[in-house]
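A.B. asks: pasting the structure only:
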Ligand SMILES: Nc1nc2c(ncn2[C@@H]2O[C@H](COP(=O)(O)OP(=O)(O)OP(=O)(O)O)[C@@H](O)[C@H]2O)c(=O)[nH]1
Ligand SMILES: [Mg+2]
């Protein structure tokens, strides 16, 4: 990556706008600003109203607000300039062209400003990822989570772990290097309780992070039901559009259809599926498209955060449940029993409590997907179920598979270190564990940390 060039880019969205912001970062950022504005004096971090002129033609381009952020007190840690121009296409295009003509300037690549901020120690990798998440956040809860991570909640946690592992490692290495000096005997026994504490913390972290990962990527709610129960009608009603085809023909939906919903801050992916028929009919349907659709639906429902069992109230409820249950996806803890087509019958006649008891499910709602009846209660049930899955502790949680893999690796190394019979082997595993956690923030130099700790040890002066 070339860090010599001064880079520039349109930072606000493309297209017409009231104001567009262009960002320039690098050693030549101030000098190009001086040329384009015909002005030499800019106070740091103060807005200046200037007329921008094309340096070749001296034709005015726009009147703009410009800000100068001297290094290292800028987003990237380099000399930075922001141009706030009127967001017209011609203005933005010409300013970009003029910047291109400036010495050592080039258009920034995707993510390059943040990359430079990382290289200049302005943020760690988790904070850089949080910027991307903040920009992508579509619900308030997603934004809150991304913002906490941006402010360093994950970095602080991993930094504390790195410090603890490094401390244990330093003790062990000191023992190995200076075993003839007065360090406590049997170092392996001495550090074991600390390793065990770390193992527990990491296990809890992995366990409690599932919710945060889903909050970032979206919770999944799968609608399961026999053909014609009204699954696609429900999907369309929730999405307020005709996302799926609805018809009185059984077996209309073959593939999964997804729509996104923001439920009081929770990002929710709703998945409509192929209707489930009884196993007998499924056998008849060997290798058919319908069978594949049913298998996919069951697999997706198994992994989902919420399973909607949609039953048609105009047909035998228990029979429908038994058919659905044949595919063995049901997890009563995350299931909601949803009785549909309640516009057609007197629901008092339904023996719902008996049904719930035999299914082991404790959430139920009655709706008419077609007439939009009972939706408030149904949506509240979904919200309650999500709230129930929220971890009680407010500890920072990982949000990406990249973090999860690294923590899993660090954890397995610690477990191995704990079982090692020789301190040399345990030390090697601790080193690997340290590297794995360090790779999440990208800010760990193992040797550097050890140097720091050894300095406090006063051994072998
Ligand atoms: N009266 C009434 N009819 C409904 C309701 N919901 C769905 N229907 C009707 O039931 C039929 C089947 O609806 P769909 O939404 O296609 O059912 P599905 O479960 O997606 O069916 P498959 O895709 O074949 O598995 C259609 O004729 C709908 O209009 C409801 O709440 N009340
Ligand atoms: Mg359908």
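C.D. replies: Received, thanks. On a predicted model such as this, the values are computed, not experimentally measured, just so you know. Ligands and ions are numbered 1, 2, ... in the order given.
A.B. asks: distance of the nearest residue to residue 233 once chain neighbours are set aside relative to residue 85?
C.D. replies: Nearest residue to residue 233 in three dimensions, chain neighbours excluded: residue 369, at 4.2 Å (CB to CB, 6 or more residues apart in numbering). Where you see a C-beta, it was placed from the backbone N, CA and C, and this is true even at glycine. Going from residue 369 to residue 85 by CB to CB, to the nearest Å gives 50 Å.
A.B. asks: the two: who's more crowded?
C.D. replies: residue 369 (27 against 23; other CB atoms under 10 Å).
A.B. asks: backbone dihedrals for the residue nearest the centre of the chain, please?
C.D. replies: Per CA atoms, centre = their mean, the C-alpha nearest to the average position across the chain is that of residue 216, at 3.3 Å. Torsion angles at residue 216 (phi, psi; degrees, to the nearest 10) stand at phi -70, psi -50.
A.B. asks: equivalent analysis for residue 63, please.
C.D. replies: Main-chain dihedrals, residue 63, degrees, to the nearest 10: phi -100, psi 130.
A.B. asks: go on, the one 3 residues further on?
C.D. replies: The phi/psi pair for residue 66 (degrees, to the nearest 10) reads phi -130, psi 150.
A.B. asks: same deal with the one 3 residues further on?
C.D. replies: Comment: the main-chain dihedrals of residue 69 come out as phi -110, psi 100, following degrees, to the nearest 10.
A.B. asks: residues in contact with the nearest residue to it once chain neighbours are set aside?
C.D. replies: Leaving aside its chain neighbours, residue 69 sits nearest to residue 80 (4.2 Å; criterion: CB to CB, 6+ apart). By CB atoms under 8 Å, 6 or more residues apart in numbering, the contact set of residue 80 is 23-25, 29, 68-69, 71, 74.
A.B. asks: nearest to residue 246, of these?
C.D. replies: Using CB to CB, residue 23 comes nearest to residue 246 of the contacts of residue 80, at 48.2 Å.
A.B. asks: that's a helix at that closest one, yeah?
C.D. replies: No. Checked against DSSP: H, G, I helix; E, B strand; the rest coil, residue 23 lies outside a helix; its state is strand.
A.B. asks: now for it, how many residues are close by?
C.D. replies: 22.
A.B. asks: that one reaches residue 79, doesn't it?
C.D. replies: No. Judged on CB atoms under 8 Å, residue 23 makes no contact with residue 79 at a distance of 11.7 Å.
A.B. asks: ok, back up a step: hmm, which two among the contacts of residue 80 are most spread apart?
C.D. replies: 23 and 71 (14.2 Å).
A.B. asks: how close does the residue nearest to residue 69 get to residue 296?
C.D. replies: In terms of CB to CB, residue 80 sits 50 Å off from residue 296.
A.B. asks: same check on residue 130?
C.D. replies: 34 Å.
A.B. asks: residue 249: how many residues sit nearby?
C.D. replies: A count of nearby residues for residue 249, using other CB under 10 Å, gives 9.
A.B. asks: quick one: which helix or strand includes it?
C.D. replies: Under DSSP states H and E, no helix or strand contains residue 249.
A.B. asks: and it, backbone torsions?
C.D. replies: Backbone torsions for residue 249, taken as degrees, to the nearest 10, come to phi -80, psi 130.
A.B. asks: show me what contacts it?
C.D. replies: Counting by CB under 8 Å, 6+ apart, residue 249 has contacts residue 228.
A.B. asks: cool, and the one 3 residues further on?
C.D. replies: Remark: with contacts taken as CB under 8 Å, 6+ apart, residue 252 is in contact with 227, 232, 245-246.
A.B. asks: which of these count as buried?
C.D. replies: Buried by 16 or more other CB atoms under 10 Å: 227, 232, 246, out of the contacts of residue 252.
A.B. asks: element containing residue 310?
C.D. replies: Using DSSP H and E, the element containing residue 310 is strand 306-312.
A.B. asks: is ligand 2 contacted by that strand?
C.D. replies: No. Under the criterion of CB under 5 Å from the ion, strand 306-312 makes no contact with ligand 2; the nearest approach is 10.2 Å.
A.B. asks: quick one: contacts of that strand?
C.D. replies: So strand 306-312 is contacted by 219-226, 228-231, 234, 301, 317, 320-321, 324, 329-331, 334-341, 359, 361, 382, 385-386 (CB under 8 Å, 6+ apart).
A.B. asks: apply 6 Å and report the result again.
C.D. replies: Identification of contacts with strand 306-312 by CB atoms under 6 Å, 6 or more residues apart in numbering yields 221-225, 229, 231, 301, 317, 320, 334-341, 385.
A.B. asks: tell me the buried residues in that strand?
C.D. replies: Of the residues in strand 306-312, those buried (16+ other CB under 10 Å) are 306-312.
A.B. asks: for stretch 118-129, same thing?
C.D. replies: The neighbour-count check on stretch 118-129 (16+ other CB under 10 Å) flags 118, 120, 122-129 as buried.
A.B. asks: closest to ligand 1 among the residues you listed?
C.D. replies: residue 129 (38.2 Å; CB to the nearest ligand atom).
A.B. asks: give me the element the closest one is part of.
C.D. replies: Per DSSP H and E, residue 129 falls inside helix 125-136.
A.B. asks: elements contacting that helix?
C.D. replies: Helix 125-136 makes packing contacts with helix 112-119, helix 140-150 when contacts are defined by 3 or more CB pairs under 6 Å, 6 or more residues apart in numbering; DSSP states H and E.
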